[in-house]
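Enquirer: Provided below for reference: sequence and predicted model.
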Amino acid sequence: MIPAPFDYARAESASHALALLAEHGDEAKLLAGGHSLLPMMKLRLAVPSVLVDIGQLTELAGIALDGDDLVIGATTRHAEVAGSDLVVANVDGTLLAYHDRCANCGSPLHEGLLSAGALACPECRRSFFLPRAGRSLDDEQMQLEPVPLLRDEGRVKVALTQ
């Protein structure tokens, strides 16, 4: 199906995007990547009269720390978040990072269950207590490989080495 007619505006900054939204009201929708909005428009489940494109706004991209919250910007690419070899967890307001592999079986940990500070490997079910340097709950000698985090002006920086 073909979407209903709409106008297109490319925002030049975040403040410009806000001005465009204020100008066009509820009839405007933001477009960052379009992977969910465009199919809905083709089915006419969404019928905006104006699309405000924010996809190229680098000021809205990135991963930052705001207090104890990890904030992922509106234009941050999925590959930036999912493409790393890293597991980051917020445990009681402290960000902790580890390489995304189980110290026991080598499986990825990013799909594991995090509960009360313990991360369970989805493959072998071994649990690692993140606040205690990622040590295994049943084998003190086994631990995850930590990754240092640096806080810099509200952003969290990680140095991954190959």
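Expert: Yep, it's here.
Enquirer: Check which helix or strand Glu23 maps to.
Expert: Glu23 belongs to helix 14-24 when assigned by DSSP states H and E.
Enquirer: Summarise which helices and strands that helix is packed against.
Expert: In terms of contacts (3 or more Cβ pairs under 8 Å, 6 or more residues apart in numbering; DSSP states H and E), helix 14-24 is packed against strand 28-31, strand 50-53. In short, each C-beta sits where N, CA and C put it, glycine included.
Enquirer: Following the chain onward from the lowest-mean-pLDDT helix or strand in the chain, which element is next?
Expert: Lowest on mean pLDDT, DSSP states H and E among the helices and strands of the chain sits helix 78-82, with a mean of 66. Later in the chain than helix 78-82, the nearest helix or strand by DSSP H and E is strand 86-91.
Enquirer: My guess is Ala32 contacts Ile54. True?
Expert: Yes: counting by Cβ atoms under 8 Å, Ile54 is a contact partner of Ala32 at 5.4 Å.
Enquirer: what touches both of the two?
Expert: Residues touching both Ala32 and Ile54 (Cβ atoms under 8 Å, 6 or more residues apart in numbering): 74-75.
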